[in-house]
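Participant: Would you be able to build a 3D model of this:
(chains A and B)
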Amino acid sequence: MNSKFKAVFVYNFTRYFDWPEHKRNGNFIIHVIGKNDNLISELKQLASKKKVGNQDIEIKNTSTFENSGAHIYYVIGESTKITSDVASKTKGKGHLVIGETPGSCKQGASINFITIDSKLKFEYSKNNAVKAGLKTNDDFKALAITLD
Amino acid sequence: MKRLRKIHILLLFSIILLSRDSVLAQIGAFNRAQKLYSEKNAEAAKPIIDSAVLNSETAKMFEVHTLKAYIYFEIYKKTDKEKLNSTTRDSVISAIMVSNSLKPDSAYKTNNTKLINAIIAHYRNMSIKALNESSLNYTLSISAHDKFKELSKNNVPNFNGTYADIEFYNTVGGIYSELSNKSSKFEKEREIAKTALLKVLDLDSKNESATFNLGILYYNLSGNIVKEMADDLNIGNIDAVQDNSKKLAKQAEQLLLKVANSTKYKKTVTEALYYTYRNLLDAAKLEEYRKKCVEQNIKLD
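Facilitator: Sure thing, here's the model as predicted:
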């Protein structure tokens, strides 16, 4: 259930960011780091039906960080250290890093899923997105819990 | 004067003879109808018994009315058994009522009861058959159930209408909730299921089956609206789906907790509560129910 919400959120995020020119060709890659079969399954289902602009969506899944040139790196798990590694290794290259652990944005993620009143919400760090080489608009900020 | 008296006597005698002949004729009609009935020719017996019933001499004989009921019953079985409304069936019932009002002997009374019980059983079968998936018809089912109840109330000693309602609406609720559990789009089915199950809980607030089915209905609906959520739903609208889903999950939780220790439903309820708490993002309860699932060998995804 939660995974479905996360998948729909992630797909929505793709529409709010201005992806760099060099990332507008080929597949739109969402790279999940860590194990969450339900989320992978939801994202794959979504990828089979939807596109980002004209780009097909491709889902990758690895247990550790690999430079796949993904548009989105989604870090699963409790360790914020991985998020920190991913954020530093992908800095400035137009990758969106999403975490789901408290404090992920402090470790460099642009977006972090949190639970408030039994509901899934997301934090957004505009500063981290800018550092990552991404642009978004104020509409997106209005939908998020902004951190800066 | 003497001659006139003679004429009067003769006239009186003739009237008595004619009257006796008329009675004999009607009894003869009754016998003919009975013979035709035993020869399985109910259609031919029908007009004869109809005339016997209308005749003032035989109208007061319970035997005539019982025979009429049996003749009409044969015709009803061939043509009207599957019909909710049947004038033939109504005639059977009213003939038995008249027969019973004429204080029949025990043999006839037993036969009358048998016939009424057969019709009661037909109504009941009709109400259940109308709930089969291939011929699902709630309106027909409920009408047949109401007729079953009405006839039973007047003819079955110690008939418990509340118990019959609980049983019936539980069946309706079970069938329709199973249908509605497949998709959030089956609104009509879900409304029928909810109405039926709430009716059971009105009659018996601790009814385990209704509590379970209603809890599972809310649980499934809570999940289905998320599963069926559009992949490109706007972020602003995702919140509304979450709100709706959580509300339903809470309703499911309250009902399922009431039957959590039921021998019959324990396993399903434990599993449903695990996913309910996962939906509610309640980490502590989720862990508690994960352990319970492990203890009960419930496989989780």
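
Participant: show me the contacts for the residue lying closest to residue A:7 once chain neighbours are set aside.
Facilitator: Spatial nearest neighbour of residue A:7, excluding adjacent residues (C-beta to C-beta, 6 or more residues apart in numbering or on different chains): residue A:42 at 3.8 Å. C-betas here are computed from N, CA, C, even on glycine. Going by C-beta atoms under 8 Å, 6 or more residues apart in numbering or on different chains, residue A:42 touches A:3-4, A:6-7.

Participant: same thing but at 6 Å, please
Facilitator: A:3-4, A:7 (C-beta atoms under 6 Å, 6 or more residues apart in numbering or on different chains).

Participant: which is the next helix or strand following the one helix or strand in chain B whose mean pLDDT sits lowest?
Facilitator: Least confident helix or strand of chain B, by mean pLDDT, DSSP states H and E, is helix B:2-38 with a mean of 65. Counting by DSSP states H and E, the next helix or strand C-terminal to helix B:2-38 is helix B:42-54.

Participant: Inside helices: which ones of the contacts of residue A:42?
Facilitator: Members of the contacts of residue A:42 lying in helices (criterion: DSSP state H): A:3-4, A:7.

Participant: Neighbour count for those - can I get that in CSV?
Facilitator: Below are those laid out as CSV (neighbours: other C-beta atoms under 10 Å in any protein chain shown):
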residue, neighbour count
A:3, 18
A:4, 24
A:7, 25
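
Participant: Up against chain B, what does chain A have?
Facilitator: When proximity is defined by C-beta under 6 Å from any C-beta of the partner chain, chain A lies next to chain B at A:1, A:4, A:8, A:11-12, A:46, A:50, A:115, A:118-119, A:143.

Participant: Which single one of the residues you listed is nearest to residue B:94?
Facilitator: Among the residues of chain A next to chain B, residue A:1 lies closest to residue B:94 (C-beta to C-beta), at 58.5 Å.

Participant: Next, count neighbours for residue A:33.
Facilitator: Around residue A:33 sit 23 other residues, with neighbours defined as other C-beta atoms under 10 Å in any protein chain shown.

Participant: go on, residue A:53?
Facilitator: 9.

Participant: before we move on, what about residue B:104?
Facilitator: Other residues close to residue B:104 by other C-beta under 10 Å number 19.

Participant: Give me the buried stretch members for the longest strand seen in chain A, please.
Facilitator: The longest strand of chain A (DSSP state E) is strand A:55-62. Buried residues in strand A:55-62, counted by 16 or more other C-beta atoms under 10 Å in any protein chain shown: A:55, A:57-61.

Participant: Over to residue A:113. Which of the three states is it?
Facilitator: strand (DSSP: H, G, I helix; E, B strand; the rest coil).

Participant: how close does it get to residue B:300?
Facilitator: 21 Å (C-beta to C-beta, to the nearest Å).

Participant: do the same with residue B:222
Facilitator: Residue B:222 is 17 Å from residue B:300, by C-beta to C-beta.

Participant: Look at these two and report which has more neighbours.
Facilitator: A count of neighbours by other C-beta under 10 Å puts residue B:222 above the other of residue B:222 and residue B:300, at 25 against 11.

Participant: Hmm, that one is touching residue B:250, no?
Facilitator: No. Taking contacts as C-beta atoms under 6 Å, residue B:222 lies outside contact range of residue B:250: 8.7 Å.

Participant: Let me see the ranges of the helices in the stretch 151-300 of chain B.
Facilitator: Ranges of helices within the stretch 151-300 of chain B are B:161-180, B:187-203, B:208-227, B:235-258, B:266-279, B:283-295, based on DSSP state H, counting those that start in this stretch.

Participant: I should have written chain A there, sorry.
Facilitator: A:2-16, A:37-49, A:80-90, A:126-131, A:138-143.

Participant: Next, format these as a markdown table and append mean pLDDT.
Facilitator: Below are the helices of chain A laid out as a markdown table (pLDDT from 0 to 100):
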| stretch | mean pLDDT |
| --- | --- |
| helix A:2-16 | 93 |
| helix A:37-49 | 95 |
| helix A:80-90 | 86 |
| helix A:126-131 | 93 |
| helix A:138-143 | 84 |
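
Participant: Nearest to residue B:196, out of the ones you listed?
Facilitator: Of all the helices of chain A, helix A:2-16 comes closest under C-beta to C-beta, at 30.1 Å.

Participant: pLDDT at the residue in the stretch 51-200 of chain B positioned nearest to chain A, what is it?
Facilitator: Relative to chain A, the nearest point of the stretch 51-200 of chain B is residue B:184 (13.2 Å; C-beta to the nearest C-beta). Per-residue pLDDT puts residue B:184 at 84.

Participant: Verify the stated contact: it with residue B:224.
Facilitator: Yes. With contact defined as C-beta under 6 Å, residue B:184 reaches residue B:224; the gap is 4.0 Å.

Participant: So what sits opposite residue A:28 in the bridge?
Facilitator: residue A:57 (DSSP bridges).

Participant: how near is it to residue A:10?
Facilitator: Relative to residue A:10, and taking C-beta to C-beta, residue A:28 is found at 11 Å.

Participant: Check residue B:57 too.
Facilitator: For residue B:57 relative to residue A:10 (C-beta to C-beta), the value is 91 Å.

Participant: More neighbours: these two, which one.
Facilitator: Neighbour count, other C-beta under 10 Å: between residue B:57 and residue A:10, residue A:10 has more, with 23 against 16.

Participant: with the ones in helices among the contacts of residue A:42 in mind, which one is nearest to chain B?
Facilitator: Minimum distance to chain B across the ones in helices among the contacts of residue A:42 is 5.2 Å, recorded for residue A:4 (C-beta to the nearest C-beta).

Participant: Centre-most residue in chain A?
Facilitator: Among the residues of chain A, the one closest to the centroid is residue A:98, at 3.6 Å (C-alpha atoms, centre = their mean).

Participant: and the stretch 201-301 of chain B, which of its residues are near chain A?
Facilitator: Selection of the stretch 201-301 of chain B residues close to chain A by C-beta under 6 Å from any C-beta yields B:226, B:231, B:233, B:235, B:242, B:246, B:279-281.

Participant: give me that answer again for 7 Å
Facilitator: B:223, B:226-227, B:229, B:231-236, B:238, B:242, B:246, B:278-282, B:301 (C-beta under 7 Å from any C-beta of the partner chain).

Participant: Filter those residues down to the buried ones.
Facilitator: Listed as buried from these are B:223, B:226, B:229, B:233, B:235, B:238, B:242, B:246, B:278-282; burial here means 16+ other C-beta under 10 Å.

Participant: quick revisit: could you check how far the residue of the stretch 51-200 of chain B closest to chain A is from residue B:245?
Facilitator: 10 Å.

Participant: quick one, what contacts residue 59?
Facilitator: Went with chain A since none was named. Residue A:59 sits next to A:30, A:32, A:40, A:43-44, A:47 when contact means C-beta atoms under 7 Å, 6 or more residues apart in numbering or on different chains.

Participant: nope, chain B please
Facilitator: Per C-beta under 7 Å, 6+ apart, neighbours of residue B:59: residue B:53.

Participant: For my notes, confirm it occurs in a strand.
Facilitator: No. Counting by three-state DSSP, one finds residue B:59 to be coil, located in no strand.

Participant: Perfect, I'm done here.
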